Structure formats: C-alpha cells, structure tokens
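S.K.: heads up, no residue letters with this:
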C-alpha cells in the first residue's frame, strides 16, 4: 500500500464495515421469520423480491442518468435508512403484522444486494485496476468485520430490546455512511488523483444516457453475460442450502432462531476476516484470477459430494459456513475485480442489473426448483446434494473462463501503451 493510498483505503474499509454492520443487524431478523412459512410461501416471497429488484434497478438507472455521483451514493443509503424507520412505525400501528413481516422480508432481500452493489460500483469508480488488485482484498475485510459486529449486536440485543427495536438501530448505523462517502469522494481527487477513473476530471458530473442502458449493455456483452452465469450458478448453491437450514430451524421460536442465525453469521465472518487478511491478496496476485474464482466452487463441489454420502445436519451447516466465508473473502473480491475491466456506465448501470436482477432472478428460479425437487419429486437431502455438486463444478468452470477473459482484456490494454 502506497502512502497516498492509506487514508482512502481506510475510509473505504470503514465505509463497507458500517454498511455491513447495519445490514447484519437486520439479516438475522429476516432469516428467523422464514421458518414460520412453507417452502412455497418463501418461494413466492423470493419471486416478489425478484420483481421488486427489477423495478429498483430501473429506478436506480433513471437516478444515475439524472443525479450527480456526489449525491447518488449517499441518497441510496439515506433512502434505505428512512424505510427501516417506516417499517418500525408500521409495526407499532398494526395488530396483524403477518403482511408487514413478509414485506420486510422482501425489502431486506432487495437491500441486501443493493447496498453492497452500490458500494462496489463506488469502489470500481474510485480505484484504478492495479490498485483494485492490491487493495480490494483488504477493503473487503472491512465488510467481514462489520458483518461480525452486526450479528454480535443482534445476538446480544434480540432478547433485551426486542426484534422491532433492531430496525431503528440498523437505520441509525446506516446513516453513518453518509459522511464517509463524502470524505472518500474528496480523497479520490485530492489524495489519489484518480481523475481518470471519474466521470470527468473536474467534479462528479452527470453520467447521462438512457436509464435502461444497463439492460442493453448487459445483453450486448459476452463478458457481462459470463459474470451473470457465474452468479446464477452461485445462487443455485446458496438457495438450496438456505432452504434446508430454514426447514431445520422451524421448531425454534423466532428469538432463538434470530440468535442462531446471528451466531452463524458471526462464525462465518470471523473466518472471512482471517482469510481476507492473510490469503485473498496473495491468491489473486500469485495464483491469478482464474484460480481465485474457481477455488471456492471446487471446495463446495467436494463438500456436496460428501453431503450426498453423509446427508446429516452437521455437514449442511459446515458447507453453509465454508460457502459464505469463501464467497466473502475470495470469490466476491475476485468477482468485483472483473468490473474494473469495463467502462464507467457499465459499472453504474449494467452492474446493478447483474448484481440485483440476475442474482434475485436466480434466487427465484432456484427457490421453485428446490420446492419442485423436494415437494414435487420427493428427493431427499443426499439426492439434492448430488445435483448441487454438478452445479458447483459448472460454477468453477465459469470462473476459470471469466478469469482468463479478464487477463486477455488487461493484456490488450497494455499492448498499445507498450507500443
């Protein structure tokens, strides 16, 4: 890390830490609710999540076309913080909260991808590609620390202050991102001097363009389509494991389920911090992006084969922890490096389409696929695990392809400079 990069790196680290702390205070509340509903009910909610995510991305595309970047990122975070306060107020006013709980479940699911997608778009628009390769692993560790602080607070506070008060706490923490965003915008120009990464060399000017350009740019790029396939395969694995855990926890009350999900989150993120701090950067630099994107899918494929042979709860929990820790520490930073090889409008418009619409569309399809395999065909845990192992193998192969395409783009850019 160079001296001029220290302040901006630490602010970026702090920004994602605060973001993830706010989210992880609320995530266990959402996941605890799911055990009260059937697989079909949750599949309906995931379908609604996909539809609302698509609408949110369209509105975000319109905002990108009209709002200066200096205001866009804080506006997104301020908006979500306000909605959490409104949910808290609504809960106090209604007697039957079933519909409001399901609405909250959908809304948190939209937020869970939107807030981090906007953050990494902000990072891709702040740092150059060489800086991203060196620093994104460390910055990503901030997300893991925030993801430890959030569930630790939830585990401690759930029984004391109650589930509903956690909405106000999460909203308050999310508002702390606003001064951090502004600080980093100044450091980008004054300390880093990365004016070439910005929309203009002066200030954050309008991006402009068609609000739906993200969809057209996504569909017109094989590179971006490849990233979408990578995410779809990832969601297949994560969705199946989530449904199994949801059903296993159905016998516990909501406070107990909230604490269990919170403690699981805490374990995942302790492992993530250790991996990100000591291994992620070294893997990306020395073993290359193809290996970085394929190593976690390979481990998950092996774990699912083990689950097929020994379909027990402990193996499911272990796979869930390894999958999430590996994603946060290795796969996600590697995937974000892929977006440093595209232009700025793709980062702000096509990237949310991939991160949100494609991700949540994958969730929707895989939720119904799980329901069909278990309730329709009557497959057990072992048989579903075999299907998952094949999907994980395809996931790894896609990661190798994307890593090689990234390297080809980097080489093509270097040749004119060297020439």
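M.R.: Sure thing, it's come through. If you're wondering where the values come from, they're calculated on a predicted model, not measured in any experiment.
S.K.: CA only for contacts and neighbour counts going forward, please
M.R.: OK.
S.K.: and for residue 133, nearest residue in space, chain neighbours not counted?
M.R.: In space, not counting the residues next to it along the chain, residue 133 is nearest to residue 337; the distance is 6.8 Å by Cα to Cα, 6 or more residues apart in numbering.
S.K.: what segments of the stretch 101-250 of the chain are helices?
M.R.: In chain order, the stretch 101-250 of the chain shows helices spanning 129-161, 165-175, 177-187, 213-219, 222-248, with DSSP state H, counting those that start in this stretch as the criterion.
S.K.: for residue 40, see how far away residue 100 is.
M.R.: When distances are taken as Cα to Cα, to the nearest Å, residue 100 and residue 40 turn out to be 18 Å apart.
S.K.: check residue 71 too.
M.R.: 40 Å.
S.K.: which strands and helices sit next to the lengthiest helix in the chain?
M.R.: The helix that spans the most residues within the chain, counting by DSSP state H, is helix 381-418. Identification of packing neighbours for helix 381-418 by 3 or more Cα pairs under 8 Å, 6 or more residues apart in numbering; DSSP states H and E yields helix 222-248, helix 288-309, helix 332-338.
S.K.: now the ones you listed as CSV including distance to residue 398, mean pLDDT and mean neighbour count?
M.R.: Below are those laid out as CSV (distance: least, Cα to Cα, whole Å; pLDDT from 0 to 100; neighbours: other Cα atoms under 10 Å):
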stretch, distance to residue 398, mean pLDDT, mean neighbour count
helix 222-248, 6, 87, 19
helix 288-309, 8, 90, 22
helix 332-338, 12, 83, 22
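S.K.: ok, which of the ones you listed comes nearest residue 185?
M.R.: Put simply, out of those the one that sits nearest residue 185 is helix 332-338, at 19.5 Å, with distance taken as Cα to Cα.
S.K.: just give the number of residues close to residue 263.
M.R.: Counted with other Cα atoms under 10 Å, the neighbours of residue 263 add up to 18.
S.K.: same question, the one 4 residues further on
M.R.: Neighbouring residues of residue 267 were enumerated by other Cα under 10 Å; the total is 15.
S.K.: tell me the secondary structure for it?
M.R.: helix (DSSP: H, G, I helix; E, B strand; the rest coil).
S.K.: confidence score at the nearest residue in space to it that is not next to it in sequence?
M.R.: Once its chain neighbours are removed from consideration, residue 267 has its nearest residue in residue 321; the separation is 7.5 Å (Cα to Cα, 6+ apart). On pLDDT, residue 321 comes in at 88.
S.K.: can you check the one 10 residues further on too?
M.R.: Model confidence at residue 331, given as pLDDT, is 86.
S.K.: find the nearest non-adjacent residue to it, please.
M.R.: Sequence neighbours aside, residue 293 is the residue nearest to residue 331 in space, at 5.4 Å (criterion: Cα to Cα, 6+ apart).
S.K.: in this structure the one you found contacts residue 333, no?
M.R.: No - the criterion here is Cα atoms under 8 Å, and residue 293 misses it with residue 333 at 9.3 Å.
S.K.: check contacts around the closest residue to residue 254 other than its chain neighbours.
M.R.: Once flanking residues are discounted, residue 254 sits nearest to residue 32: 5.6 Å by Cα to Cα, 6+ apart. Listed by Cα atoms under 8 Å, 6 or more residues apart in numbering, the contact partners of residue 32 are 254-255, 257-258, 261.
S.K.: just name the closest of those residues to residue 24, please.
M.R.: The closest of these, once distances to residue 24 are taken by Cα to Cα, is residue 261, at 10.1 Å.
S.K.: quick check: what element follows the helix or strand hosting that closest one along the chain?
M.R.: With elements delineated by DSSP states H and E, residue 261 resides in helix 254-275, which encompasses its position. Sequence-wise, the next helix or strand beyond helix 254-275 is helix 281-282, with elements assigned using DSSP H and E.
S.K.: tell me, how many neighbours does the residue lying closest to residue 291 once chain neighbours are set aside end up with?
M.R.: With Cα to Cα, 6+ apart as the measure, residue 400 is the residue that lies nearest to residue 291, at 6.6 Å, once sequence neighbours are left out. As a burial measure, the neighbour count of residue 400 was computed by other Cα under 10 Å and equals 18.
S.K.: again, but for the one 4 residues further on
M.R.: The number of residues packed around residue 404, counting by other Cα under 10 Å, is 15.
S.K.: that one against residue 288, yeah?
M.R.: No - under the criterion of Cα under 8 Å, residue 404 is not in contact with residue 288, lying 9.1 Å apart.
S.K.: and the lowest mean pLDDT element among the helices and strands of the chain?
M.R.: Evaluated with mean pLDDT, DSSP states H and E, the helix-and-strand set of the chain has its lowest mean pLDDT in helix 344-345, which scores a mean of 68.
S.K.: still on that earlier bit, who are the contact partners of the residue nearest to residue 267?
M.R.: Taking Cα under 8 Å, 6+ apart as the definition of contact, the neighbours of residue 321 are 264, 267-268.
S.K.: distance of it relative to residue 134?
M.R.: Where residue 134 is concerned, residue 321 sits at a distance of 26 Å (Cα to Cα).
S.K.: what of residue 164?
M.R.: Where residue 134 is concerned, residue 164 sits at a distance of 41 Å (Cα to Cα).
S.K.: same thing with residue 11?
M.R.: Look at residue 11 and residue 134: by Cα to Cα, they are 16 Å apart.
S.K.: in contact with residue 360, which residues are there?
M.R.: Contacts of residue 360 were listed using Cα under 8 Å, 6+ apart, and they are 46, 49-50, 53.
S.K.: where's it, which helix or strand?
M.R.: For residue 360, the host element (DSSP H and E) is helix 359-371.
S.K.: how far off helix 222-248 does that helix point, in degrees?
M.R.: Counting by axes from the mean of the first three to the mean of the last three Cα atoms, to 10 degrees, helix 359-371 lies at 50 degrees to helix 222-248.
S.K.: count of residues packed around the nearest residue to residue 276 once chain neighbours are set aside?
M.R.: Nearest non-adjacent residue to residue 276, counting by Cα to Cα, 6+ apart: residue 329, 4.8 Å away. By the other Cα under 10 Å criterion, the neighbourhood of residue 329 contains 28 residues.
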